[in-house]
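1. A predicted structure for the sequence below; I have some questions about it.
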Amino acid sequence: LGYRRTAAEMAEVVSQRNTLERRFYTDHLTDMPNIQWLTTYAASDASKQVRSVVQVTLSDLDSLDDLHGEGTAEVVVKTFSKRLNGIDNIFLVHSGRGDFILGFDSELTRGAEQLDAVQYVLSHPVKVGESTVVVNSYVGALNRESAASSNMSIEEMVAGVDLAVQQAEATGMRGEVVFYDNDMRLAEEHKVDITLLLKSAIDSEDFIVLYQPQIDVATSEVVGYEALVRLRNDKYSPEQFIPIAEENGQIVELDRIVTKKVVQRLATWKKRKQRIRPISINFSYEQLCDEEYLSYLTSLLDEYGVARKLIRVDVRESLFVNDGERARSFVDKLYKAGFGVAIDGFGAGYASIPHVMRIPVDAVKFDRALTEVFLAGGANEDVIASLVSLAHEAHKLVVIEGVETIQQLKMCRNMGCDVVQGFFF
């Protein structure tokens, strides 16, 4: 006769097995599900209910122990895991040292309750002993229906939302939500090819610059242009090659080339005695590190005999929030030198609007993701109206992008917007 375990022994075996399984699927620091748990969950039928995922990455954790004492980083991670767990979700996974992945059963849009909750959690510092620790973070979001295929697996969704976070990191968009789109996947697949094309175009200064008109809503007159850069063969869109240029540092040279072409275009208009209007140049995060850019710009204008008031620099809102001191210093120098300045991506940063309103700039260009919903059918009207009112109270012009129909133009006029631009013009 063989040996038979007693009921008590069987119970002990089951208990040990459950304990081992729990340890395998649980992160020891946060007591949250780990990446092994997510891999198992992805293979289950339950994963089909996931409509969107959000990745949160806490940055600069390595420096926290040095600045605030040993163990600070762990306290920060555990604190944010508890805060994030308070947001209604399907799952919350601690997937890496400073990385969390949340799953939701609905599609997410800019301003969605879940995203506001995530940004609210991340905007608050952590108290560690006597120290108040402010933590920088990057947030990516991916909607299953909006991706290349609604049949994306959880693994594919996680890989996609990680690309969104990578883009946020490369462009310095701390605290903002960057949504995944298919261009990110294509750009990642063709990164080497894009990098080589950019190198060739930079070496020969062979970029195309288009000039999109900016229209005064009240008079329907052209009051300015925005410079839009394109690769000559148009093989890759700006949404694909700009993030890669920002990631590998090529954006500094690219922006200088665009700046030179803009100044040359203004000089040509002047020589031909054409009607001249200001041109807006987009300013990237990496340009904040280009300490000679302002000198380069002024030298070009002097060389070609172009007035400084004809250049407007568009600076992303996130730069004022994430690298505020340097961004404000740059804006002050621009103003003193006689250039115009606008805030681009206005309204995207959580709880940053009152702060941005105090920055002395000429105009605010509303975030495209915010206005797309409004222009598509009138949703977000209250939000847009409030932001327009805030901007006007601060004596700033309101610029709306993406206007493509006469109906959208009327909507902007009724909302009190000042300037519009888009393919309609």
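-> Perfect, thanks for sending it.

2. in this protein, which ranges drop under the pLDDT threshold?
-> Applying pLDDT under 70 to the chain flags residues 1-21, 147-150, 285, 321-323, 348-354, 377-380, 425.

3. Show me the contact partners of the biggest helix by length in it.
-> Taking DSSP state H as the criterion, the chain has its longest helix at helix 251-271. Under the contact criterion Cβ atoms under 8 Å, 6 or more residues apart in numbering, helix 251-271 has outside partners 198, 201-202, 205, 207, 209, 211, 227, 229, 242, 245, 275-276, 279, 281-284, 286-287, 289-290, 293, 296-297, 300-301, 304-306, 310-311. C-beta: built from backbone N, CA, C; applies to glycine.

4. Restricted to helices, list those residues.
-> Using DSSP H, the contacts of helix 251-271 in helices are 198, 201, 202, 242, 245, 293, 296, 297, 300, 301, 304.

5. List buried members of those by neighbour count.
-> Neighbour-count burial (16 or more other Cβ atoms under 10 Å) applied to those gives 198, 201, 202, 242, 245, 293, 297, 300, 301, 304.

6. In a markdown table: those residues, plus distance to residue 93.
-> Shown next, in a markdown table, are those (distance: Cβ to Cβ, whole Å):
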| residue | distance to residue 93 |
| --- | --- |
| 198 | 35 |
| 201 | 41 |
| 202 | 40 |
| 242 | 31 |
| 245 | 32 |
| 293 | 41 |
| 297 | 46 |
| 300 | 50 |
| 301 | 52 |
| 304 | 55 |
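
7. re earlier: between helix 293-304 and the longest helix of the chain, find me the angle.
-> Following axes from the mean of the first three to the mean of the last three Cα atoms, to 10 degrees, one obtains 30 degrees for the angle between helix 251-271 and helix 293-304.

8. List the buried residues of helix 251-271.
-> 251-263, 265-267, 269.

9. Ok, stretch 217-230 next?
-> Those would be 217, 223, 224, 225, 226, 227, 229, for stretch 217-230 by 16+ other Cβ under 10 Å.

10. Which of the residues you listed sits closest to residue 69?
-> residue 229 (46.4 Å; Cβ to Cβ).

11. Now do the contacts for that closest one.
-> By Cβ under 8 Å, 6+ apart, residue 229 lies in contact with 207, 208, 209, 210, 238, 242, 254, 258.

12. Who does it form a beta bridge with?
-> Under DSSP bridges, the beta-bridge partners of residue 229 are residue 209.

13. and the gap between it and residue 260?
-> 12 Å (Cβ to Cβ, to the nearest Å).

14. Determine the three-state secondary structure at residue 155.
-> Assigned with DSSP: H, G, I helix; E, B strand; the rest coil, residue 155 falls in the helix class.

15. List the contacts of it.
-> 39, 42.

16. switch to 6 Å and redo it
-> If you count contacts by Cβ atoms under 6 Å, 6 or more residues apart in numbering, residue 155 has them with residue 42.

17. Offset the numbering so it begins at 37, please.
-> Renumbered: residue one is now 37, and that last one reads residue 191.

18. Residue 277: how many residues sit nearby?
-> Residue 277 is flanked by 26 other residues according to other Cβ atoms under 10 Å.

19. And it, how far from residue 208?
-> Distance from residue 277 to residue 208, by Cβ to Cβ: 18 Å.

20. Next: residue 133.
-> 21 Å.

21. And the helices in the stretch 37-186 of the chain?
-> In the stretch 37-186 of the chain, the segments counted as helices under DSSP state H, counting those that start in this stretch are 43-61, 71-78, 97-104, 108-121, 149-159.

22. How about the last one, which residues are buried there?
-> Neighbour-count burial for helix 149-159, with 16+ other Cβ under 10 Å as criterion, is recorded at 150, 151, 153, 154, 155, 157, 158, 159.

23. Ok, the fourth one next?
-> Using 16+ other Cβ under 10 Å as the burial criterion, the residues of helix 108-121 that qualify are 108-117, 119-121.

24. swap in the third one?
-> Buried positions in helix 97-104, judged by neighbour count with 16+ other Cβ under 10 Å: 97, 100, 104.

25. The first one and residue 116 touch, don't they?
-> Same thing as residue 97. No: using Cβ atoms under 6 Å, residue 97 makes no contact with residue 116, being 10.6 Å away.

26. right, and residue 174 touches residue 202 too?
-> No: contact criterion Cβ under 6 Å: residue 174 and residue 202 do not qualify, at 8.6 Å.

27. The two: who's more crowded?
-> More neighbours surround residue 174 than the other of residue 174 and residue 202, with 27 against 19 (other Cβ under 10 Å).

28. Could you say which helix or strand holds the residue nearest to that one when sequence neighbours are not counted?
-> Nearest residue to residue 174 in three dimensions, chain neighbours excluded: residue 204, at 4.2 Å (Cβ to Cβ, 6 or more residues apart in numbering). In this structure, residue 204 sits in helix 190-206 according to DSSP states H and E.

29. Report the distance from that helix to the chain centre.
-> 12 Å (Cα atoms, centre = their mean, to the nearest Å).

30. State the next helix or strand along the chain beyond it.
-> Towards the C-terminus, the helix or strand next in line after helix 190-206, according to DSSP H and E, is strand 213-215.
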